[in-house]
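**Q** got a sequence here, can you model it:
(2 chains, ligands or ions: 2)
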Number of protein chains: 2
Amino acid sequence: MSYNKAPSITAETINPKVRIFNYEPCGEIVRHSERLQQEMDENPDSLPFPEVIQCNLGNPQVLGQRPITFFREVLCLCDNPDLLNKDEARALFSPCAIRRARRIINSVPGKDSGGYTSSRGIKSLRQAVANGISARDGYLSKPDDIFLTDGASAAVNTMMQILIRSHEDGILCPLPEYPLYSASIILHGGTMVPYNLTEDRGWGLEIFEVKRCLEEARSAGLTVRAMVVINPGNPTGQVLSITNQEEIVEFCRKEGLVILADEVYQDNVYVENKKFHSFKKVARSLGYDEKDLSLVSFHSVSMGFYGESGRRGGYMEITGFGDDVKRQIYKVASVTICPNIAGQILISLVMDPPKLGDESFETFEAEKEKIHSSFLKRAKTLEKAFSSLEGVSCNKIEGALYFFPRLHLPSLAIKTAESEGVSPDVFYSHRLLDATGIAVVPGSAFHQASGTIHIRCTILPDEDKIATMIPRLKAFHESFMNEFRGSEPYMNDLRR
Amino acid sequence: MSYNKAPSITAETINPKVRIFNYEPCGEIVRHSERLQQEMDENPDSLPFPEVIQCNLGNPQVLGQRPITFFREVLCLCDNPDLLNKDEARALFSPCAIRRARRIINSVPGKDSGGYTSSRGIKSLRQAVANGISARDGYLSKPDDIFLTDGASAAVNTMMQILIRSHEDGILCPLPEYPLYSASIILHGGTMVPYNLTEDRGWGLEIFEVKRCLEEARSAGLTVRAMVVINPGNPTGQVLSITNQEEIVEFCRKEGLVILADEVYQDNVYVENKKFHSFKKVARSLGYDEKDLSLVSFHSVSMGFYGESGRRGGYMEITGFGDDVKRQIYKVASVTICPNIAGQILISLVMDPPKLGDESFETFEAEKEKIHSSFLKRAKTLEKAFSSLEGVSCNKIEGALYFFPRLHLPSLAIKTAESEGVSPDVFYSHRLLDATGIAVVPGSAFHQASGTIHIRCTILPDEDKIATMIPRLKAFHESFMNEFRGSEPYMNDLRR
Ligand SMILES: Cc1ncc(COP(=O)(O)O)c(C=O)c1O
Ligand SMILES: Cc1ncc(COP(=O)(O)O)c(C=O)c1O
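**A** Ligands and ions are numbered 1, 2, ... in the order given. Purely as a prediction, here's the structure:
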């Protein structure tokens, strides 16, 4: 036949933007650890360790974190509003969960939780989120600036879809990076403009480095539209200082860049001398308002002390954009009709939790405090353990759920990795997993600058697991170093 | 300064693909009806009708459809697995809901419902969906072919993202269409290749028409990659005959087109002489298997007798693609990490509902039957009422939740609409709404061929509402026709 038949669909003939992006943050290590777990389930004595410990996954509840009772009670009642009128329910749910669920259900069109909602989310829940932001920041947040979303990832994708017109549009992103950003920039046809975080300064974000990258990108012909900042940071565990945030605001204002502020770890800060400050608060306290700066803040139900990752809830707060742009964002959101209702409810609870006087308040505070203080303890323990290893340097874990230690490995280890066709971080991570059952993510998954070797480790395994894993880690590391040391000296002098 | 500053973000400087697509299926009419509702709430006697009746929204539960008890019980227990161990819960939940929830929770990594899952969904739930498909079709479905999704819309977007490489790639879509398709094709940079459904033949899909459109597109240089079929149809309410489906399968096989089968209304069929047959079943019964035909079937928790639209659950079954392509689909899915868990659970319940012998079986069947028979009654009543109007022709409502009657309006009405700068269907719809409170969607929202005038009406308002609305509709229509008739004769002769 003469016509132009569709080639059958293969990976070679699909959308090349899909083909080229790489998104498997924990990739091969996850599969490998799953294989080991399965081997262990089938034959418990076949491996040289008693269990696989997943320091690779940022997945709180799968690693044993308990959900917040109040949140689940409200969710449960909203799923089944008939319960609200049953006496038996009083034995199972706290009075303030019942009140909250009733208030939510009464504010939902159709008075049940199963209908499509507005594409930006249910108005009363956006109001609850806005109230929570206002209380957090001390600056007014408006429900019309809030879009509820199926988690932060969906929101980030929406913004990339809005901002990117062609590969000549660039987006500034930190390295090491949370790979959602590079993936969604490539998928939407743009160019990632990386800037390096400075490991020597606690993974600090240095404006002159960002400026250098911006200028380089501009002289290569790119139009840089936005700057991504992840604070607290994944994978670095760093929390920006307020002075640093002020510099970023000034810089983006002057350069006309949208700030895309990934603030999903706002409830994960572990150091006394730093607090979480939203970029909006920092901008407003510098006296800048909507007309000075375009700012999108992303938040999520996935992390913090709540960890409701599989629920897919979140919001973005959009300020400094005209109504015309908001209408376009609304249009993109409407292509998937609306965010899921359970996620909408959860993010409203995260931002508007029980207050003093509510029957659930004490339990809520106790649960929250328990998780938080345990994170703190685990962070300290892990930081200390990794820092004590030969040739390993490790910044303070200030926030988020991760740290990103640097390994100075003997050159024989590096050569051996090379000869096996993998990078040294991958080599080390697989050796560690095979020998101890401890799974971490090789730093290259976060596009860390080459020439350095890192791994990312989470603080999510519980305290008991961490206690058992540390001696195994130490023993492994020592024998790894000895195996590859050859004639090289001990490597502690490499540590800063 | 010399550099290439980012222009501030306005609707003119965003991604043009976002700017150009148009997605507001119910658009201005929704806003108008909301304004009227608000006016009525504030001042009940200000309007010439007692209530707004929304025949414009495909949103079952917001229009009063009750959720299926068993589904909500399971959801509620999965939200709060602690309940599974409480005696008081036995008073509130059926034993088989407790069993099911326990089975689900035990199969979830972390044994709770708050963790990230696989990007394609929880394995045991994919298995449940696959079992349901196998039982429905009599042909084996495999869990590895199932991707659970946040509703059908998200799944359709994923497939468009995979299939479309540039505007030279075309996708065949029916007209009138459900506007998700044009929106997502444009958003992903492709070209929609419309084919007309034939109103005179009950909105039938005629292969020679599709072939004509395909050839035209090919001679214009397009590579046509896929054909969208919506069965049962929105907005047409049509159900394809099995012979027709066989023709479509033969055609797509021969032409190398992927079939994108939107089967979200598979549980909404109202005529004795037609049944729902999945495209997969039709293809397999013709003897075609994976190597002969690429096929994606979309389903959703939003419609049917369940109507859990705001929950955002669904699946796509992908057959006839290589593992390489499935890996790429997985990668796109992973950019938003995973579908929401409540939606995953619900679609597994839709495909694997209570069986004979389960304690909930009878209630479940009764609830389902009640909704179904009420749909049937409403469809008949509305079809009869619309068909009796002067100048209105209306095909049989065979399935889905809609019908799409054609209006033959006096030329003075058409001229008046023109002079007001709107199309005649918009003019009629707004007049109807203002006079009676009945909201319908103008046909042009579904990109119906110009030169004809249609409205889309749902069968979702309850029987009482429909009973009160019909006399109002008849009176309005009569006076509308009389107002614009001028010297024209009665228009019943225009009806086919
Ligand atoms: C920095 C960062 N942003 C966003 C996300 C994704 O959040 P969500 O689950 O809301 O999509 C994560 C999850 O790990 C993250 O680490
Ligand atoms: C034909 C058709 N496909 C898909 C959808 C969207 O389904 P979901 O809610 O699962 O995204 C609808 C909703 O109205 C529809 O009518």
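
**Q** can we go C-alpha only for contacts and neighbour counts from here?
**A** OK.

**Q** residues from the stretch 101-250 of chain A in reach of ligand 1?
**A** Taking CA under 6 Å from any ligand atom as the contact definition, the stretch 101-250 of chain A meets ligand 1 at A:151-153, A:178, A:230, A:234.

**Q** out of these, which is nearest to ligand 2?
**A** Lowest distance from ligand 2 to those (CA to the nearest ligand atom) belongs to A:G151, with 16.9 Å.

**Q** for A:L295, phi and psi?
**A** Dihedral pair for A:L295: phi -140, psi 130, per degrees, to the nearest 10.

**Q** er, A:S285 I mean
**A** Torsion angles, degrees, to the nearest 10, at A:S285: phi -80, psi -20.

**Q** and A:I259, which of the three is it?
**A** At A:I259 the chain is in strand, as set by DSSP: H, G, I helix; E, B strand; the rest coil.

**Q** hang on, isn't it packed against A:M227?
**A** Yes: between A:I259 and A:M227 there is a contact under CA atoms under 8 Å: 5.1 Å.

**Q** lowest pLDDT pick from the residues of the stretch 101-250 of chain A next to ligand 1?
**A** Of all those, A:Y178 has the smallest pLDDT value, namely 93.

**Q** picking that back up, by neighbours, which of the residues of the stretch 101-250 of chain A next to ligand 1 wins?
**A** In terms of neighbours by other CA atoms under 10 Å in any protein chain shown, these top out with A:G151 at 32 neighbours.

**Q** mind listing what the residue of the stretch 1-150 of chain A found nearest ligand 2 touches?
**A** Closest residue of the stretch 1-150 of chain A to ligand 2, CA to the nearest ligand atom: A:Y116 (7.7 Å). For A:Y116, the contact set (CA atoms under 8 Å, 6 or more residues apart in numbering or on different chains) comprises A:337-338, B:59, B:62, B:309-311.

**Q** using the three-state scheme, assign it.
**A** Relying on three-state DSSP, one would call A:Y116 coil.

**Q** is the helix or strand bottoming out on mean pLDDT in chain A up against chain B anywhere?
**A** Least confident helix or strand of chain A, by mean pLDDT, DSSP states H and E, is helix A:27-42 with a mean of 83. No: judged by CA under 8 Å from any CA of the partner chain, helix A:27-42 stays clear of chain B, getting no closer than 11.0 Å.

**Q** tell me which residues in that helix are buried?
**A** A:29-30, A:33, A:36-37, A:40 (16 or more other CA atoms under 10 Å in any protein chain shown).

**Q** after it, which helix or strand is next?
**A** strand A:53-54 (DSSP states H and E).

**Q** report the angle between the helix or strand following that next one and helix B:69-79.
**A** Using DSSP H and E, the helix or strand that follows strand A:53-54 in sequence is helix A:69-79. Between helix A:69-79 and helix B:69-79, the angle comes out at 170 degrees (axes from the mean of the first three to the mean of the last three CA atoms, to 10 degrees).

**Q** what strand or helix carries A:G170?
**A** Under the assignment here (DSSP H and E), A:G170 is part of strand A:169-175.

**Q** can you list the buried residues in the following helix or strand past that strand?
**A** Downstream of strand A:169-175, the first helix or strand assigned by DSSP H and E is helix A:180-187. Buried residues in helix A:180-187, counting neighbours by 16+ other CA under 10 Å, are found at A:180-187.

**Q** related to what we said a few turns ago, next one: the least confident helix or strand of chain A to chain centre, how far?
**A** Distance of helix A:27-42 from the chain centroid (CA atoms, centre = their mean, to the nearest Å) equals 24 Å.

**Q** centre of the chain versus the helix ranked longest in chain A, how much separation?
**A** Across chain A, the helix with the greatest residue count (assigned by DSSP state H) is helix A:361-387. In terms of CA atoms, centre = their mean, the gap separating the centre of helix A:361-387 from the centre of its chain is 18 Å.

**Q** which one of the contacts of A:Y116 is nearest ligand 2?
**A** B:S309 (5.2 Å).

**Q** OK, contacts around the closest residue to that closest one other than its chain neighbours?
**A** Distances taken as CA to CA, 6 or more residues apart in numbering or on different chains put B:S302 closest to B:S309, at 3.7 Å, once the chain neighbours are dropped. Residues near B:S302 by CA under 8 Å, 6+ apart: B:151, B:264, B:308-313.

**Q** buried only: go through the residues you listed for me.
**A** Counted by 16+ other CA under 10 Å, the contacts of B:S302 give B:151, B:264, B:308-313 as buried.

**Q** among those, which are within reach of ligand 2?
**A** Among the buried ones among the contacts of B:S302, ligand 2 is touched by B:151, B:264, B:309 when using CA under 6 Å from any ligand atom.

**Q** any idea how far the first one lies from ligand 1?
**A** With distances defined as CA to the nearest ligand atom, to the nearest Å, the gap from B:G151 to ligand 1 amounts to 17 Å.

**Q** same check on the second one?
**A** Summarising the geometry, the distance separating B:V264 from ligand 1, computed by CA to the nearest ligand atom, is 26 Å.

**Q** ok, and the closest non-adjacent residue to that residue?
**A** Setting aside the residues directly before and after it, B:V264 is nearest to B:H299 in space (CA to CA, 6+ apart), at 4.4 Å.

**Q** can I get the host helix or strand of that neighbour in PDB? Just the C-alpha atoms.
**A** If you go by DSSP H and E, B:H299 is part of strand B:295-300. The C-alpha coordinates for strand B:295-300 follow below in PDB (Å, rounded to 0.1, in the frame of the first residue of the first chain):
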ATOM      1  CA  LEU B 295      -5.000  -2.500  22.600                       C
ATOM      2  CA  VAL B 296      -5.400  -0.400  25.700                       C
ATOM      3  CA  SER B 297      -8.700  -0.600  27.700                       C
ATOM      4  CA  PHE B 298      -9.500   2.200  30.200                       C
ATOM      5  CA  HIS B 299     -11.800   1.700  33.100                       C
ATOM      6  CA  SER B 300     -12.700   3.800  36.100                       C
END
